[in-house]
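Novice: Here's a sequence, model it:
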Amino acid sequence: MNTSNIIQLIGILVSLATSTAAIVISVKSLRENSKMIEASTRPYINIYGASTYIGDSNYYIILKNFGQSSATIHEFICDFDLKKCTVNTTKDKPFQSIDNSTIVPGQSLHALIDLNNALKETKAINFHVSYSSGTHKYEEDFCLNLAGNLGNFVSHKCTKGKELATISETLQDMYIHLL
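Specialist: Here you go, the predicted structure:
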């Protein structure tokens, strides 16, 4: 083997190593970009509590999609019987028929509960939600601390029996929740 062949062989090996490194870096970049795109466009289902005061104080358990794509709920499990504290005329259990429902971005579902009744039974409610978007599946666990809202209710001055007072309260409540 002469010097020219050795130099050509070394050149080929350096080119091969450089090409391999470039391919590895490109594949890693594509994977990271794919993860970033998926994270920015996926659905983000969350459960939280919120209170309002329109003539009377109310407490809602809210399920909301904060993400950028629709989510299909496959499983919704709650470790507390919400039927014990629900405030509705049918006495249906909140979220009982949510399986196989689609929640679009920004959509929320509300369940009005009697916070005092719920607090007599438990201080926290645990939820497990399994959902998907396209081919991706997600599972989330939430702990809703009911006692965490105590002392955070807002009251408004109003005169009973006057419609403008109710409108005023509603606008004040909306403004406060936008803060």
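
Novice: beta partners of the closest residue to Tyr131 other than its chain neighbours?
Specialist: Spatially, and ignoring its direct neighbours in sequence, Tyr131 is nearest to Ala71 (4.4 Å; C-beta to C-beta, 6 or more residues apart in numbering). The way it works is simple: take the backbone N, C-alpha and C, and place the C-beta from them, glycine included. On the basis of DSSP bridges, Ala71 is bridged to Ile103.

Novice: shouldn't Ala71 be in contact with Ile98?
Specialist: No: under the criterion of C-beta atoms under 8 Å, Ala71 makes no contact with Ile98, lying 11.0 Å away.

Novice: Who has more neighbours out of the two?
Specialist: Taking other C-beta atoms under 10 Å, Ala71 and Ile98 do not tie; Ala71 has more neighbours (23 against 15).

Novice: hey, which helix is longest across this structure?
Specialist: Longest helix in the chain, counting residues (DSSP state H): helix 3-41.

Novice: How far away from the center of its chain is that one?
Specialist: Put simply, helix 3-41 sits 38 Å off its chain's centre (C-alpha atoms, centre = their mean, to the nearest Å).

Novice: got the buried residues for that helix?
Specialist: Within helix 3-41, no residue is scored as buried using 16 or more other C-beta atoms under 10 Å.

Novice: Give me the pLDDT value at Trp108.
Specialist: One thing to correct before we go on: residue 108 is Ser, not Trp. Ser108 is assigned 89 on the pLDDT scale.

Novice: Would you agree it is in contact with Phe66?
Specialist: No: look at Ser108 against Phe66 with C-beta under 8 Å: they stay out of range, at 9.2 Å.

Novice: I appreciate the help and will end here.
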